[in-house]
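**Q** got a predicted structure here, sequence first:
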Amino acid sequence: MYNPQCIVDRDNVDPQKSVLYFRKFQTMGKVFLEPSILSLGPSFIAKSFSEMGFIGQGVIVIILLLMIVSIYITIERYLLIRKANNLDDSFMHRIRENVLNGNVAAAKDLCSRNTSPVAHMIGKGVSRIGRSLRDIKEAIENQGSLEVYRLEKNLNILATISGAAPMLGFLGTVTGMITTFANLAEGNNAVDQLMGGLQESMLTTVFGLIAGIIAYISYNLLSSMVQKTMFLMEDKAVEFIDLLESPSN
């Protein structure tokens, strides 16, 4: 549809403003096509960090700290949960033999010498032998809940970092773009002076996403390992209860 307002009145165009706008867009194009921007090497990152504003540097430092925390928790929890799953195949067989032979002390000693959550849980049940079956089940369930809580320790921190780190990166992106457009509004056409805002926008986003991805993958990996341990604990708990309910006991 014909719109008279779309027609530009060439007689009223300010040549100086047109040249200024053209130079601004030309500068933006040079910044995005700058070769150093396309190579995210260590020297580029160090140089970009030094040229960032106070807010951008603060965001990067916080994200790096969150990344270090994520890596530490991941390694620490992975080793602990992996160790928790290392249960001797003959453990329950030896428990069965000791219980059926009435050697409760030997069964307790066997559980105390094993550091796995299954051994702690079965040991709690062995220590209740002589009481009602209901009391034994409650003791096993309570100990099992405690062991799961220990395994899941600090996993909530990973979940928080997986969401907070990208948002911090986007915060740095916003502050970087504000700096960039502020320089453009002042008519500053120097590429070097515009690089800081754009580099801040890109680097904070990249670092935030990397930290978030690390925390997200770690959280899901460790959660699946905890679930595997829980299934093992439930299986051995049922086996122990069946042992106590067997007619030969």
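**A** Received, thanks.

**Q** show the model's pLDDT score for the most centrally placed residue in the chain.
**A** With distances taken as Cα atoms, centre = their mean, Ala215 lies nearest the centre of the chain, 1.5 Å away. Looking at Ala215, its pLDDT stands at 96.

**Q** kindly report the same for Ala84.
**A** According to the model's per-residue confidence, Ala84 sits at a pLDDT of 86.

**Q** just give the number of residues close to it.
**A** When neighbours are defined as other Cβ atoms under 10 Å, Ala84 has 23 of them. Bear in mind the C-beta positions are built from the backbone N, C-alpha and C, glycine included.

**Q** tell me the helices and strands packed up against the host helix or strand of Ile161.
**A** With elements delineated by DSSP states H and E, Ile161 resides in helix 155-185, which encompasses its position. Other elements packing on helix 155-185 under the criterion 3 or more Cβ pairs under 8 Å, 6 or more residues apart in numbering; DSSP states H and E are helix 15-32, helix 54-84, helix 191-245.

**Q** out of the ones you listed, which comes closest to Thr115?
**A** Distances from Thr115 to each of the helices and strands packed on helix 155-185 were compared by Cβ to Cβ, and the smallest falls on helix 54-84, at 7.3 Å.

**Q** just want the angle from that closest one to helix 155-185.
**A** 160 degrees (axes from the mean of the first three to the mean of the last three Cα atoms, to 10 degrees).

**Q** for the helix holding Ile161, buried residues please.
**A** Of the residues in helix 155-185, those buried by neighbour count under the rule 16 or more other Cβ atoms under 10 Å are 155, 158, 161-162, 164-166, 168-173, 175-176, 179-180, 183-184.
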